[in-house]
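Chemist: Have a look; sequence and predicted model below, questions after that.
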Amino acid sequence: MPETLQLIQRHLPEHLELDRLLRQGARHLRCQTVHTVMVDNIAIPVRVIELGSRSPLVPVIGFFGGVHGVERIGTQVLLSWMHSLIHRLDWDDQLRHQLERVRLVFMPMINPGGIWKHRRSNLNGVDLMRNAPVDAMGPAPWLVSGHRISPRLPWYRGRRGDPMEAEAAALVETVRQRLLNAPFAISVDCHSGFGRQDRLWCSYARTHKPMHNIAEVLALKRLYQNTYPHHHPYIIEPQSIHYTTHGDLWDYLYDESAELFPDNTFLPFTLEMGSWLWVRKNPRQMLDYFGYFNPVIDHRKRRVLRQHLPLFDFLLNAAQSWRNWMPRPSQRDLLTQEAINEWFL
């Protein structure tokens, strides 16, 4: 057993940190193992953690991380916020009352095999965020949008006709069961890469055309900018204005939500932390593939682990109070046109 713990500490310390948080917050948290990954003969559970109201009528916000194993900073940021919430619940009456009216869902380590092995893909060589059975509408960039050539190349979707990978299926089923049936839900999938600035992407990426809820996305952007004009400057925009992809899990879930729950609102987002800034400040990180996607110097990592917590608090508050800022039917057409003018023209 000590040897096993040493291996986990070396390759996957996030697993031990999550175990510690689950013990500390046991009286507040509800935890379920939805899949188990075997890596180097060690079983690593993929967990879903819930916090807050059990009512099916409350809004829900879900936080997801570790889809791409090499981008482990996403998992670490979520563990940082879970740590804050668990410790606040020991003394913060306001947070306790808030959680009676909203539910949080965490899936912080979806691809533990990829994290362990420093791979973008899972252990089968499949990019989980290219693995859903949906295709982009119209032209999509070669390779990066997802392909079926070989698992030796990045962005491999898997073989046509195969079922989704177990980790991808676990994420999809979790969102189906815990988010899509809520009257209002937001998902935040934490990644790193793509530029020197942090982006909060509306992660509907299969078409260059605006999604149905583009008015709500613009309303949320304005709400954040008006509420926190001097806070961390996120670029809030649709992902599809940059590129489209095949097999995106959030596209698959958004389309399913629109079909099965047309009266509900589901807004999927990706927090894309701008890792190129870390590389620019420390070019030696380019000598290690891991360094392209994660802050290596300790003080930069600590900064990243704290700088996104105000955003998470804002999104929690926005989800709880969604009826107060969502556009009314009489406003939607105008707001939709304003969103198109801002992002698509």
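Modeler: Arrived safely. Numbers count the residues shown, from 1 in each chain.

Chemist: contacts and neighbour counts: CA atoms only from here.
Modeler: Fine.

Chemist: For stretch 263-276, give me every contacting residue.
Modeler: 179-204, 213, 217, 250, 254, 257-258, 292-295 (Cα atoms under 8 Å, 6 or more residues apart in numbering).

Chemist: Give the burial count for Pro154, as a bare number.
Modeler: If you count neighbours by other Cα atoms under 10 Å, Pro154 ends up with 18.

Chemist: Surely it is in contact with Met129?
Modeler: No - the criterion here is Cα atoms under 8 Å, and Pro154 misses it with Met129 at 11.4 Å.

Chemist: Now, the contacts of stretch 263-276 that are in helices?
Modeler: Among the contacts of stretch 263-276, DSSP state H puts 217, 250, 254, 257-258 in helices.

Chemist: ok, so of those, who is nearest Gly125?
Modeler: Using Cα to Cα, Trp250 is the member of the ones in helices among the contacts of stretch 263-276 that lies nearest Gly125, at 20.0 Å.

Chemist: That closest one reaches Tyr204, doesn't it?
Modeler: Yes - taking contacts as Cα under 8 Å, Trp250 lies within contact range of Tyr204: 6.5 Å.

Chemist: All the helices of the protein, residue numbers only.
Modeler: 2-11, 13-24, 73-88, 93-98, 112-117, 166-178, 214-227, 249-260, 276-281, 298-307, 309-320, 329-343.

Chemist: helices or strands up against the first one?
Modeler: Going back to what we said before, that points to helix 2-11. On a contact count with 3 or more Cα pairs under 8 Å, 6 or more residues apart in numbering; DSSP states H and E, helix 2-11 meets helix 13-24, helix 112-117.

Chemist: Tell me the helices and strands packed up against the last one.
Modeler: Taking 3+ Cα pairs under 8 Å, 6+ apart as the contact definition, the neighbouring helices and strands of helix 112-117 are helix 2-11, strand 29-39.

Chemist: what do you get for the longest one?
Modeler: Contacts defined by 3+ Cα pairs under 8 Å, 6+ apart place helix 13-24 against helix 2-11, helix 73-88.

Chemist: List the contacts of the longest one.
Modeler: Residues from elsewhere that reach helix 73-88, judged by Cα under 8 Å, 6+ apart: 14, 17-18, 21, 24-25, 28, 63-66, 95, 108-109, 190-192, 293-295, 304-306, 308-309, 312.

Chemist: and with 7 Å instead?
Modeler: Identification of contacts with helix 73-88 by Cα atoms under 7 Å, 6 or more residues apart in numbering yields 14, 18, 21, 25, 65-66, 108-109, 190-192, 294, 305, 309.

Chemist: go on, stretch 203-223?
Modeler: Here stretch 203-223 has contacts from 135-137, 236, 238-241, 244-246, 250-251, 268-270, 326-327, 332, 335-336, 339, using Cα under 7 Å, 6+ apart.

Chemist: okay, who's weakest in the contacts of helix 73-88 by pLDDT?
Modeler: Among these, Asn294 has the lowest pLDDT, at 85.

Chemist: what's Ser150 in contact with, if anything?
Modeler: Per Cα under 7 Å, 6+ apart, neighbours of Ser150: Tyr156.

Chemist: Next, work out how far apart it and Gly74 are.
Modeler: 26 Å (Cα to Cα, to the nearest Å).

Chemist: Verify the stated contact: Tyr234 with Asp198.
Modeler: Yes - with contact defined as Cα atoms under 7 Å, Tyr234 reaches Asp198; the gap is 5.3 Å.

Chemist: Now do Ala318: how many residues are near it, please.
Modeler: Residues near Ala318, counting by other Cα under 10 Å: 20.

Chemist: and it, how far is that from Phe269?
Modeler: Distance, Ala318 to Phe269, by Cα to Cα: 14 Å.

Chemist: returning to that earlier point: show the buried residues in the contacts of stretch 263-276.
Modeler: 179-193, 197-204, 217, 250, 254, 257-258, 292-295 (16 or more other Cα atoms under 10 Å).
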